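Asks: give me the fold of what follows.
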Amino acid sequence: MVNKYITKQSRMLSARAGARAVEGALPVRTLQALLATSLMSVSLSAAAGTWQTLKNPPPITEIIDPSGNDFGPGGASAPLLLTDGGVLIQNAGLFGQDARIFKLTPDIHGSYVNGTWTELASKPFISYAGAQAVLADGRVIIEGGEYSNYEYDFLLTNQGAIYDPVANSWTSVPPPLFFADLYPPRATFAPHPIGDSQSVVLPDGTFMLADKMSHQAALLNLKTLTWTETGTSTKADLNDEEGWTLLPDGRVLTADCYTDFVFGLIPNYPANPTHSEIYDPSTGQWSSAGSTIKSLTDPILFEMGPALLRPNNTVFVLGSSGNSSIYDVSSGRWSVGPTLPISPQGYQYTAQDAPGALLPNGHVLVAASGGTAQFGYSFPPVGFFEFDGRRFIAEPSIPNAANDVSSSINLLLLPTGQVLAVDGTLDVEIYTPDAGDDDGEAVHQEWRPVITSAPKMLRPGKSYLLEGIRLNGMSQASAFGDEDQDATNYPLVRLINVATAHVFYARTHDHSSMAVASDRISSTHFDLPASVETGLSRFEAVANGIASQPQIVYVK
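Replies: Residues are numbered from 1 along each chain as shown. Next comes the predicted model:
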């Protein structure tokens with residue numbers, strides 16, 4: 001709700017006060033102290049992941065304050081992995097100019113750290129923090145938004161559009177006209193909010209969108225750009241602040257945030273808020289998924305952290321309270337997960353509107369706020385942790401950590417297995433997990449995409465068909481509390497020239513399925529770029545940062 005405003009203002013205030021970002025890991029003595037007070041929830045990793053700052057910052061206009069800090073309006077936010085290997089990034093907002101869109105392209109060696117930027121066509125509406133997704137046909141959809149500009153007016157736009165990366169153009173999408181607040185509207189609410197809502201691409205490629213301030217959701221027909229209402233009568237509470245997680249059987253899991261209001265005014269927060277729900281696309285209805293056991297949401301802002309399906313068929317859900325719960329998909333039962341530790345400042349780490357990314361080794365990287373709580377919201381600094389299935393492992397933080405909170409961070413899993421992090425400034429970081437901190441776990445062969453059919457002879461500029469198993473990976477792999485989703489459950493095609501070791505991505509599109517953790521054969525089309533080098537190349541299908549075993553192809 002008001003978190004983005006508080007986040008930005010707190011970052012600017014701390015910058016003006018002379019705060020300086022910390023770089024690298026937290027002090028060892030501090031982490032040892034944390035261990036002594038929270039042995040069950042956090043551990044000091046024997047080896048840590050590393051952060052690298054992009055060589056080329058995004059070409060976004062930003063106001064720099066007199067002390068030289070870059071915490072003014074304008075910066076990188078809401079990343080999405082395009083099907084050609086590039087990363088689409090939105091401007092975090094400069095007095096109504098946040099419609100600008102940029103693309104980060106890895107260099108010829110496949111490095112995102114050394115990548116270059118281009119500006120894409122601006123989207124046809126102004127918004128910040130909305131629903132977004134990469135569609136099965138390779139296009140991008142952005143719907144709604146919490147704010148219309150840097151002033152953080154909280155107008156909850158219902159505008160949306162689809163971006164075509166080939167034509168570099170946007171097509172406006174009319175909102176679902178039946179969306180309406182079921183309660184007496186507040187003064188700032190538009191008639192049909194949408195706002196900072198959650199969304200998901202279902203296994204058949206259908207885009208499903210929630211309305212923030214009602215029980216309603218809708219399915220988009222991409223051919224007619226019309227909406228069909230779904231799930232309204234069976235949803236237990238408002239959609240507000242909840243996240244949606246795609247399960248292997250095609251259903252969608254959510255942990256309730258309890259943002260219902262009595263007479264539209266008084267929050268109806270239960271004494272034991274632990275309910276969860278599952279949406280079944282075959283019936284269009286929600287049903288109970290049982291109790292999360294521990295309360296995950298908070299009673300003031302009703303926020304939620306990331307919820308990610310892991311390769312072991314469990315969903316890890318991190319709540320704004322700092323508690324976590326684990327849903328076993330096979331049994332349909334919940335168990336209690338670890339709680340985030342106490343920060344070096346002496347406060348409970350929280351995950352209010354927090355991001356998460358599934359690493360290739362099965363760990364989940366998360367960001368959490370570790371400062372004092374004011375107005376119900378936790379303040380800087382931000383900390384990073386890997387959840388390894390049992391506990392949280394403290395990891396190094398980013399240069400802007402002293403001024404950031406969890407909601408200012410977005411994490412995006414890259415095809416290299418690294419994670420891109422943006423925080424609404426010009427500082428874009430790349431996280432590389434340590435290969436030795438996975439407790440013996442590795443990228444299991446059963447997690448890899450498998451190529452079952454692909455051409456052996458390719459020509460630059462031509463289109464081909466690829467078939468295989470697990471082409472969409474084991475999970476959506478990247479998540480954010482509710483808005484700014486950046487799932488990567490779709491196939492990429494990567495070629496590495498044998499003679500030069502140069503890396504090229506072929507744009508994929510028209511995937512036959514978006515199902516996760518599936519052993520069924522699916523397919524995608526890929527367009528070989530005209531710039532690809534000829535000769536022998538290693539040909540890989542990549543999903544969730546994990547590559548298939550390479551095949552040798554010849555580019556003629």
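
Asks: and P491, how many neighbours?
Replies: For P491, the count of nearby residues is 25 (other Cβ atoms under 10 Å). Yep, even glycine has a C-beta here, placed from its N, CA and C like the rest.

Asks: that should have said F387, apologies.
Replies: That count, for F387 with other Cβ under 10 Å as the rule, works out to 26.

Asks: low-scoring stretches of the stretch 201-350 of the chain, by residue?
Replies: Residues of the stretch 201-350 of the chain that meet the criterion pLDDT under 70 lie in 259-269, 271.

Asks: output stretch 382-401 as PDB, nothing but the C-alphas.
Replies: What follows is stretch 382-401 as a C-alpha-only set of coordinates in PDB (Å, rounded to 0.1, in the frame of the first residue of the first chain):
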ATOM      1  CA  VAL A 382      18.200  -4.400   3.600                       C
ATOM      2  CA  GLY A 383      19.700  -7.900   4.000                       C
ATOM      3  CA  PHE A 384      19.900 -10.900   1.700                       C
ATOM      4  CA  PHE A 385      19.500 -14.600   2.700                       C
ATOM      5  CA  GLU A 386      19.500 -17.900   0.900                       C
ATOM      6  CA  PHE A 387      16.900 -20.400   2.100                       C
ATOM      7  CA  ASP A 388      18.400 -23.900   1.600                       C
ATOM      8  CA  GLY A 389      15.400 -25.900   2.600                       C
ATOM      9  CA  ARG A 390      16.100 -25.800   6.300                       C
ATOM     10  CA  ARG A 391      17.500 -22.500   7.300                       C
ATOM     11  CA  PHE A 392      18.400 -19.000   6.200                       C
ATOM     12  CA  ILE A 393      22.000 -18.500   5.200                       C
ATOM     13  CA  ALA A 394      23.200 -14.800   5.500                       C
ATOM     14  CA  GLU A 395      24.700 -13.500   2.300                       C
ATOM     15  CA  PRO A 396      26.500 -10.300   1.400                       C
ATOM     16  CA  SER A 397      24.400  -7.200   0.600                       C
ATOM     17  CA  ILE A 398      24.400  -4.600  -2.200                       C
ATOM     18  CA  PRO A 399      26.200  -1.200  -2.100                       C
ATOM     19  CA  ASN A 400      22.900   0.600  -1.400                       C
ATOM     20  CA  ALA A 401      21.900  -1.700   1.400                       C
END
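
Asks: what number of residues lie near K456?
Replies: By other Cβ under 10 Å, 9 other residues sit near K456.

Asks: and what of N272?
Replies: By other Cβ under 10 Å, neighbour count at N272 equals 9.

Asks: three-state assignment of it?
Replies: Per DSSP: H, G, I helix; E, B strand; the rest coil, the secondary structure class of N272 is coil.

Asks: against G356, how distant is the closest residue to it other than its chain neighbours?
Replies: For N272, ignoring the flanking residues on the chain, the nearest one in space by Cβ to Cβ, 6 or more residues apart in numbering is S295 at 7.2 Å. Per Cβ to Cβ, to the nearest Å, S295 is found 19 Å from G356.

Asks: between those two, who's got more neighbours?
Replies: G356 (28 against 21).

Asks: where does that one land on pLDDT?
Replies: G356 carries a pLDDT value of 97.

Asks: I figured it hits A477, correct?
Replies: No. Using Cβ atoms under 8 Å, G356 makes no contact with A477, being 9.3 Å away.

Asks: overlap in contacts, those two.
Replies: Listed as contacting both G356 and A477 by Cβ atoms under 8 Å, 6 or more residues apart in numbering are L308.

Asks: secondary structure class for the residue nearest to N272?
Replies: Under the three-state scheme (three-state DSSP), S295 adopts coil.

Asks: how about it, what does it touch?
Replies: N272, P273, T274, G319, S321, N323.

Asks: can you say which of the residues you listed are buried?
Replies: Among these, those classed as buried by 16 or more other Cβ atoms under 10 Å are P273, T274, G319, S321, N323.

Asks: so which of the residues you listed comes closest to D486?
Replies: Distances from D486 to these, taken as Cβ to Cβ, are shortest for G319 (20.0 Å).

Asks: who is that closest one paired with across the strands?
Replies: G319 has these beta-bridge partners by DSSP bridges: M304.

Asks: does it touch G305 like I think?
Replies: Yes. Here G319 lies in contact with G305, judged by Cβ under 8 Å, at a distance of 5.8 Å.

Asks: common neighbours of the two, please.
Replies: Shared contacts of G319 and G305, counting by Cβ under 8 Å, 6+ apart, come down to L296, A351.

Asks: how many neighbours does I521 have?
Replies: Number of residues near I521 (other Cβ under 10 Å) recorded here: 15.

Asks: need phi/psi at it.
Replies: Dihedral angles of I521 (phi, psi; degrees, to the nearest 10) stand at phi -70, psi 130.

Asks: list the residues that contact it.
Replies: Contact analysis of I521 by Cβ under 8 Å, 6+ apart lists T452, E467, G468, I469.

Asks: which strand residues bridge it?
Replies: I469.

Asks: correct me if wrong: L54 contacts I430.
Replies: Yes. If you go by Cβ under 8 Å, L54 and I430 touch, sitting 7.0 Å apart.

Asks: of those two, who's got more company?
Replies: Of the pair L54 and I430, L54 is the one with more neighbours under other Cβ under 10 Å, namely 22 against 19.

Asks: identify the residue spatially nearest to that one, adjacent ones excluded.
Replies: Ranked by Cβ to Cβ, 6+ apart and with sequence neighbours excluded, the top spatial neighbour of L54 is V428, at 4.5 Å.

Asks: and for L219?
Replies: Excluding the flanking residues, the one nearest L219 by Cβ to Cβ, 6+ apart is T228, at 4.8 Å.

Asks: repeat for D211
Replies: F179 is the one closest to D211 (Cβ to Cβ, 6+ apart), at 4.3 Å.

Asks: and stretch 336-346, how far apart are its ends?
Replies: One end of stretch 336-346 to the other measures 24 Å (Cα to Cα, to the nearest Å).

Asks: now do the buried residues in that stretch.
Replies: Neighbour counts over stretch 336-346 (16+ other Cβ under 10 Å) mark G337, P338, T339, L340, P341, I342, S343, P344 as buried.

Asks: so where is the stretch 401-550 of the chain shaky, pLDDT-wise?
Replies: Residues of the stretch 401-550 of the chain that meet the criterion pLDDT under 70 lie in 436-443.

Asks: repeat the analysis, applying 80 as the threshold.
Replies: Along the stretch 401-550 of the chain, the model assigns pLDDT under 80 to residues 435-444.

Asks: where do the strands sit along it?
Replies: Taking DSSP state E, counting those that start in this stretch as the criterion, the stretch 401-550 of the chain carries its strands at 410-413, 419-422, 428-432, 450-453, 457-458, 463-469, 478-480, 492-497, 503-509, 521-527, 535-543, 546-547.

Asks: need the winner for burial among the ones you listed.
Replies: Of these, the one with the most neighbours on average (mean count of other Cβ atoms under 10 Å) is strand 478-480, at a mean of 30.

Asks: can you give the strand pairings for that one, parallel or anti for each?
Replies: When DSSP bridges is applied, strand 478-480 pairs with strand 355-358 (antiparallel).
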